[in-house]
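A.B. asks: I'll drop the sequence and a predicted model, then ask my questions.
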Amino acid sequence: MKTLLLSLLVIAILAAIAIAWIVGIYNSLVALRNRFKNAFAQIDVQLKRRYDLIPNLVAVADKYMKFERETLEAVTKARNIALAASQTAAANPADGNAMKGLVSAESGLGGALSRLMVVVEKYPELKANQNMLQLSEELTSTENKVSFARQAYNDSVMAYNTGRETFPAVAFSGVFGFSPAELFHIEDPAEGKAPKVTFS
């Protein structure tokens, strides 16, 4: 009887240790996932700021660029697509497809903004416009903040993915629903740079 009670006590202690160990793994994965979601929220703040600047930039340019309607419409369309992709990704940053959609939309927006800035160079009075200069400076500053926030996000995603793929967490991550997170990267290195928006 004493041996049976001792055996049951040892089994109960081992079970409690195993449960505590699994709970610790789960909690660590939750913390890592929350870190990368918070990091994405920082990107989202900067992207929203950029999306808010773009209509003002287009409005100022519109006054001067009467024959460049197609360029202005392309920027507006790319901005709206990127805004929608950003909202989808913000709803669930762990969704790999949403992140891929955001990366694609951001690439399109970057290209449209670059084309706009090339066209702006043809209009000296627009380049000298104080509102255009200020908006361009704010856009450049925001682009830099997006880059820093994207790097912090990618670092958090890397820590999360490493945490979920290393032993012993790898044995439980699938069971607990911790799927891999997507990095936020720009595929074409030329598109990864902030568009040139300086006027001199």
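C.D. replies: That came through, no problem.
A.B. asks: C-alpha from now on. contacts and neighbour counts both.
C.D. replies: OK.
A.B. asks: list the helices and strands the least confident helix or strand in the chain by mean pLDDT packs on?
C.D. replies: One helix or strand of the chain scores below all others by mean pLDDT, DSSP states H and E: helix 124-127, with a mean of 81. Contact analysis of helix 124-127 by 3 or more Cα pairs under 8 Å, 6 or more residues apart in numbering; DSSP states H and E lists helix 2-64 as its packing neighbours.
A.B. asks: kindly export stretch 54-63 (C-alpha atoms) in CSV.
C.D. replies: Extracted C-alpha coordinates of stretch 54-63, given in CSV (Å, rounded to 0.1, in the frame of the first residue of the first chain):
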residue,chain,number,x,y,z
ILE,A,54,-0.2,60.9,-50.0
PRO,A,55,-3.6,62.5,-50.8
ASN,A,56,-2.2,65.9,-49.7
LEU,A,57,0.8,65.4,-51.9
VAL,A,58,-1.4,64.5,-54.9
ALA,A,59,-3.7,67.5,-54.2
VAL,A,60,-0.7,69.9,-54.3
ALA,A,61,0.7,68.3,-57.4
ASP,A,62,-2.7,68.3,-59.1
LYS,A,63,-2.7,72.1,-59.2
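A.B. asks: and that stretch, how far out from the chain's middle?
C.D. replies: The offset between the C-alpha centroid of stretch 54-63 and the centroid of the whole chain comes to 25 Å, using Cα atoms, centre = their mean, to the nearest Å.
A.B. asks: buried residues in it, which are they?
C.D. replies: Residues of stretch 54-63 classed as buried under the neighbour-count rule (16 or more other Cα atoms under 10 Å) are Ile54, Leu57, Val58, Val60, Ala61.
A.B. asks: just those residues now: which is nearest Gly96?
C.D. replies: Ile54 (26.7 Å; Cα to Cα).
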